[in-house]
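Participant: pasted the sequence and its predicted model underneath.
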Amino acid sequence: MATAWAPAQASAQTFTLGGDDDPRVGLAAGFMDAEEASWNMEILANIPKPEGFQNPDDPGDSRFANSDMAYRGDLVFVGNYSGINIYDVSDPSNPRLRTTIYCPGGQGDVSVYGDLVFMSAQEVRGRIDCGDQGTNGTVDPERFRGVRIFDISDLDNPQQVAAVQTCRGSHTHTLVEDLNDSSTLYVYNSGTSPSRPAEELAGCGEERDPDDPATAYWSIDVIEVPLANPAQARLIDSPRIFTDEETGRIDGLFPGVDADQDPRQPRATDRCHDITAYPEIGLAAGACSGNGIILDISNPATPQRIGEVTDENFVFWHSATFNNDGTSVLFTDEWGGGSSPRCRAEDRYEWGANSIFWLNNGEMTHASYYKMPAPQTDTENCVAHNGSLVPVPGRDIKVQAWYQGGISVLDFTDPSNPFEIAFFDRGPIDDDELYLGGFWSSYWYNGYIYGSEIARGLDVFELTPSEFLSENELAAARLVQFDEFNPQHQPQKVWPADLVVARAYYDQLVRDDGLQAAMAGEVAGELDRIDGMTPGTAKRSALQELATGLWGEAKAIDTRQATGDADRIRAMAGALLELAGEQP
């Protein structure tokens with residue numbers, strides 16, 4: 001969609017990030033015509049929310065807010081408080097609305113697994129039949145709060161096949177595969193609302209009392225989905241993952257802070273907001289109101305807490321992202337709940353930010369904070385929110401949504417020194433009044449960044465080469481392709497054997513002075529020579545010889561006979577050897 005403002009863009013950094021000359025500062029307001037600023041990324045498309053999923057008289061109407069996204073093939077599933085919109089992005093520069101599922105009940109977070117779509121519902125207006133007439137009273141047999149499952153094998157006619165009720169509804173959910181049993185899928189449900197009464201759903205203890213064994217608080221839900229018959233999905237457990245191992249008390253983690261001690265009122269740990277599962281390493285990271293926790297999910301039916309951490313600067317632990325190696329984890333703080341301006345110049349850098357930790361055997365050690373650096377206005381809701389890794393080999397890069405603070409791309413390869421490498425932002429919806437808007441989430445998927453804009457629809461972006469990110473690194477990232485991608489589910493990134501992967505490592509070595517200049521020149525020439533060779537025995541030998549030379553250089557660095565980045569040199573050599581092994 002064309003706008004009245006052309007994005008302010010620069011290929012090199014000619015301004016101070018977060019300074020008065022940052023292009024994000026002072027952007028003109030507007031709904032679909034706000035001024036835009038971007039750096040090292042470009043917008044390819046914007047498609048507004050369709051009729052029935054927006055209020056034309058109130059762009060910030062939360063009943064029609066876009067929420068999270070999921071992906072399958074050429075389809076993007078955009079959750080909304082009133083249902084799901086499914087877009088065909090086979091041409092990312094021209095997304096096309098394919099199907100809608102109207103089903104009010106918020107917040108509409110989505111996941112996809114094959115022909116099944118999962119949707120979270122938490123609001124009391126939600127109905128089992130997806131109707132929009134709402135419900136009545138504190139007990140209504142037609143009310144639905146939990147996880148819905150739709151069959152989309154006929155994409156033109158999605159059918160709800162299961163609706164698993166839970167005591168506290170479903171704010172978000174996480175799909176977890178059992179790597180030893182492909183017939184069963186598990187869903188970790190995070191309910192954050194007050195519990196419903198037992199009169200509406202048997203077994204719900206609505207009193208927030210840790211001494212009440214039936215209380216619906218201080219737990220998560222585990223739902224089992226038999227894939228051969230998803231209609232039989234059922235709640236199988238509500239594990240007490242916050243229990244103190246010594247005392248046995250279920251309220252064993254952070255107790256919260258009263259307003260007279262801290263006006264921000266850091267929350268007690270009686271729920272998780274998001275749980276990010278990384279099945280290949282057998283771990284999940286829970287952002288659980290007052291704590292960040294690490295779960296052992298090697299048996300996904302029975303998650304076990306193996307680590308926890310607090311942070312005096314955090315108010316509400318919201319979401320989590322592992323790096324690809326599982327050696328660091330990044331948590332976000334949703335101070336202000338996502339509807340408040342928390343990125344103003346007067347707001348502390350550590351508040352409403354990311355907190356990054358080194359991770360070793362479940363133990364977390366704090367490394368640093370990161371917050372989108374450009375100050376926002378009083379009419380822009382802004383705080384750390386959802387994002388994902390950009391699969392550049394050898395680096396930990398995350399694209400992240402900050403509501404009306406836009407999208408920020410950060411490098412946290414060194415957890416103690418994160419820094420911004422790209423951004424996109426719009427001006428506020430209005431100069432005088434705060435309307436709920438901005439990016440709920442932004443994810444890299446198969447070469448592009450997709451942003452779910454709460455008020456303005458779906459955006460598509462592409463990162464551009466810069467001093468921080470080379471074309472070879474971007475080309476290597478585009479090699480990582482997934483059939484599906486879901487929020488709160490982190491797949492392992494594996495790069496296929498390709499010379500561009502080695503070139504990506506080479507660019508990093510040159511950028512960071514990790515390879516001596518003389519050898520860097522020799523390696524560049526040899527890479528070019530190999531690139532022009534016909535696949536076969538000679539090319540295999542050339543790849544092996546270059547890799548051997550690099551291994552020798554790394555060894556010289558290890559023994560202090562040379563200087564440089566031995567680990568990255570070895571990674572480059574490994575990429576060359578993988579390609580050698582693919583030669584005919």
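Facilitator: On my side now, so go ahead.

Participant: which strand runs longest in the protein?
Facilitator: When the chain is parsed with DSSP state E, its longest strand is strand 181-190.

Participant: ok, residues contacting that strand?
Facilitator: The contact list for strand 181-190 (CB atoms under 8 Å, 6 or more residues apart in numbering) reads 113, 118, 120, 146-147, 164, 166, 170-178, 220-228, 233, 271-275, 277, 284, 300-301, 303. (C-beta placed from N, C-alpha, C; glycine too.)

Participant: let's see which of the residues you listed end up in strands.
Facilitator: Among the contacts of strand 181-190, DSSP E puts 113, 118, 120, 146-147, 164, 172-178, 221-226, 274-275, 277, 284 in strands.

Participant: look up phi and psi at the residue nearest the centre of the chain.
Facilitator: The chain has G387 as the residue nearest its centroid, 3.1 Å off, counting by CA atoms, centre = their mean. When quoted as degrees, to the nearest 10, the phi and psi of G387 stand at phi -170, psi -170.

Participant: buried residues in the lengthiest helix in the chain?
Facilitator: Counting residues, the longest helix found in the chain (DSSP state H) is helix 537-558. In terms of neighbour count (16 or more other CB atoms under 10 Å), helix 537-558 has its buried residues at 539-540, 542-544, 546-547, 549-551, 553-554, 556-557.

Participant: check stretch 42-61 too.
Facilitator: Under the neighbour-count criterion of 16+ other CB under 10 Å, stretch 42-61 has I43, L44, A45, N46, I47, K49, F53, Q54, P59, G60, D61 buried.

Participant: L576: which of the residues you listed is nearest?
Facilitator: L44 (33.6 Å; CB to CB).

Participant: pull the CA atoms of the stretch of helix or strand that closest one belongs to into PDB?
Facilitator: Per DSSP states H and E: L44 is located in strand 41-47. Extracted C-alpha coordinates of strand 41-47, given in PDB (Å, rounded to 0.1, in the frame of the first residue of the first chain):
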ATOM      1  CA  MET A  41      15.900  -3.100   5.900                       C
ATOM      2  CA  GLU A  42      13.200  -2.100   3.400                       C
ATOM      3  CA  ILE A  43       9.400  -2.600   3.400                       C
ATOM      4  CA  LEU A  44       8.100  -4.600   0.500                       C
ATOM      5  CA  ALA A  45       4.300  -4.600   1.300                       C
ATOM      6  CA  ASN A  46       1.600  -3.600   3.700                       C
ATOM      7  CA  ILE A  47      -1.900  -5.100   3.600                       C
END
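
Participant: how about A476, secondary structure?
Facilitator: Here A476 is recorded as helix under DSSP: H, G, I helix; E, B strand; the rest coil.

Participant: if I pick it, what's in contact with it?
Facilitator: Taking CB under 8 Å, 6+ apart, we find A476 in contact with P391, V392, P393, W495, D498, V500, V501, R503, A504.

Participant: how about a cut-off of 7 Å?
Facilitator: Taking CB atoms under 7 Å, 6 or more residues apart in numbering, we find A476 in contact with V392, P393, W495, V500, V501, A504.

Participant: what of T243?
Facilitator: Taking CB under 7 Å, 6+ apart, one finds R249, I250, G252 in contact with T243.

Participant: now D58
Facilitator: By CB under 7 Å, 6+ apart, D58 lies in contact with nothing.

Participant: surely it is within a strand?
Facilitator: No - using three-state DSSP, the secondary structure at D58 is coil, not a strand.

Participant: give me the pLDDT for it.
Facilitator: pLDDT, the model's per-residue confidence, is 95 for D58.

Participant: mind checking how far it is from L27?
Facilitator: Separation of D58 from L27 (CB to CB, to the nearest Å): 22 Å.

Participant: how about G18?
Facilitator: Taking CB to CB, one finds G18 at 14 Å from L27.

Participant: of the two, which one has the most company?
Facilitator: Using other CB atoms under 10 Å as the criterion, G18 and L27 rank with L27 on top: 22 against 17.

Participant: so who does the more buried one touch?
Facilitator: By CB under 7 Å, 6+ apart, the contact list for L27 reads A34, E35, A37, D425, R426, G427.

Participant: got it, and L479?
Facilitator: Here L479 is in contact with W495, P496, D498 (CB under 7 Å, 6+ apart).

Participant: and those as JSON lines, adding distance to S416 and neighbour count?
Facilitator: Shown next, in JSON lines, are the contacts of L479 (distance: CB to CB, whole Å; neighbours: other CB atoms under 10 Å):
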{"residue": "W495", "distance to S416": "26", "neighbour count": "18"}
{"residue": "P496", "distance to S416": "31", "neighbour count": "13"}
{"residue": "D498", "distance to S416": "31", "neighbour count": "16"}
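
Participant: tabulate those (JSON lines), appending pLDDT and distance to L410.
Facilitator: As requested, those are exported to JSON lines (pLDDT from 0 to 100; distance: CB to CB, whole Å):
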{"residue": "W495", "pLDDT": "98", "distance to L410": "21"}
{"residue": "P496", "pLDDT": "98", "distance to L410": "26"}
{"residue": "D498", "pLDDT": "98", "distance to L410": "26"}
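
Participant: save these as JSON lines, and put in distance to E206 and secondary structure too.
Facilitator: Output for those, formatted as JSON lines (distance: CB to CB, whole Å; DSSP: H, G, I helix; E, B strand; the rest coil):
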{"residue": "W495", "distance to E206": "50", "secondary structure": "coil"}
{"residue": "P496", "distance to E206": "52", "secondary structure": "coil"}
{"residue": "D498", "distance to E206": "56", "secondary structure": "coil"}
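
Participant: list just the nearest of these to D88.
Facilitator: For the contacts of L479, the nearest to D88 is P496 (26.1 Å; CB to CB).

Participant: where does the chain dip in pLDDT?
Facilitator: 1-11 (pLDDT under 70).

Participant: please repeat the previous calculation with a cut-off of 50.
Facilitator: Under the criterion pLDDT under 50, the flagged ranges of the chain are 1-7, 10.

Participant: tell me where it has helices.
Facilitator: Using DSSP H, helices in the chain cover 471-478, 499-511, 517-531, 537-558, 566-581.
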